[in-house]
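[1] I need the structure of the sequence given here:
(one chain, ligands or ions: 1)
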Amino acid sequence: MDKLFDYNILLIGFMGAGKSTVAGYLEKTYSMDVVEMDQIIAQREGMSIPDIFKIHGEEYFRDLETSLLIEMQSRSNVVISCGGGVPMRERNIKEMKKNGRVVLLTAKPETILERVRDDHNRPLLEGNKTVDYIAELMEKRREKYEAAADITVETDGRTAGEICEEIVDKMHKFISE
Ligand code: S3P
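    This next block holds a predicted model:
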């Protein structure tokens, strides 16, 4: 199959916005390679994300994210599923734009809570799994997410297929503008 895009797609958005699910769907449907930033970082460090936060601290983890984004600039036709905090650094937004096109996935706090409820791999949400906490953190991050995004797609109540269709459609429009 022909390449769908000749650039990388970077998926950004709050924890539980569906980045990994959408990346998996793009991988299956369009034969794109997927880079899961969290997974690569955990693999390379030989420990889970919660352990990296606990042992080395958040700043250390954030530096690894920036290095990985830079490293990915040598790849093409890859879906990069970014950790939810990646766009919080100004520098990362610049590096993302050099990498490819940025797709912001959004969901309501209620939807996020449903999706992350039984997961214990997100240190920032451990002990904070309430709609109010999620809504507050999401609001703090909103401006940066929006500044980084080339296109935005809502995910509430939609299947991965529907979301991907909208991504491809909007991306083609964005490119031809
Ligand atoms: C984080 C999101 C997580 C992970 C880390 C920090 C964040 O990734 O990188 O726990 O700051 O939003 P997901 O968005 O894939 O859950």
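
[2] Going by C-alpha atoms from here, please, whenever you check contacts or count neighbours.
    Fine.

[3] which bits of the protein sit near the ligand?
    Residues of the chain found near the ligand (CA under 6 Å from any ligand atom) are 14-16, 38, 83-85, 122-123.

[4] Using neighbour counts, give me the buried entries of those.
    Among those, those buried by neighbour count (16 or more other CA atoms under 10 Å) are 14-16, 38, 83-85.

[5] Could you list which of those belong to strands?
    Here DSSP state E is the test, and those give no hits in strands at all.

[6] Include pLDDT when you put these into TSV, please.
    Below are these laid out as TSV (pLDDT from 0 to 100):
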residue	pLDDT
14	98
15	98
16	98
38	97
83	97
84	98
85	98
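
[7] closest to residue 55 among those?
    Nearest to residue 55 among these is residue 38, at 16.1 Å by CA to CA.

[8] Let me see the contact set for that closest one.
    49, 82-83 (CA atoms under 8 Å, 6 or more residues apart in numbering).

[9] hmm, 7 Å instead?
    residue 83 (CA atoms under 7 Å, 6 or more residues apart in numbering).

[10] Run through this structure and note the low-pLDDT ranges.
    For the chain, the stretches with pLDDT under 70 are 1-3.

[11] Pretty sure residue 92 sits in a helix.
    Yes: secondary structure of residue 92 (DSSP: H, G, I helix; E, B strand; the rest coil): part of a helix.

[12] picking that back up, can you tell me which of the residues of the chain next to the ligand are in helices?
    Those of the residues of the chain next to the ligand mapping onto helices are residue 38, per DSSP state H.

[13] can you put the residues of the chain next to the ligand in CSV and add distance to residue 24?
    As requested, those are arranged in CSV below (distance: CA to CA, whole Å):
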residue, distance to residue 24
14, 17
15, 16
16, 14
38, 14
83, 15
84, 17
85, 20
122, 20
123, 23
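
[14] Which one of the residues of the chain next to the ligand is nearest to residue 153?
    Closest approach to residue 153 among the residues of the chain next to the ligand (CA to CA): residue 14, at 12.5 Å.

[15] check contacts around the nearest residue to the closest one once chain neighbours are set aside.
    Using CA to CA, 6 or more residues apart in numbering and skipping the chain neighbours, the partner closest in space to residue 14 is residue 84 (4.9 Å). Taking CA under 7 Å, 6+ apart, we find residue 84 in contact with 12-15.

[16] Swap in 6 Å and give it another go.
    13-15 (CA atoms under 6 Å, 6 or more residues apart in numbering).

[17] And the strands in this structure, which stretches?
    8-12, 33-36, 78-81, 100-106, 151-154.
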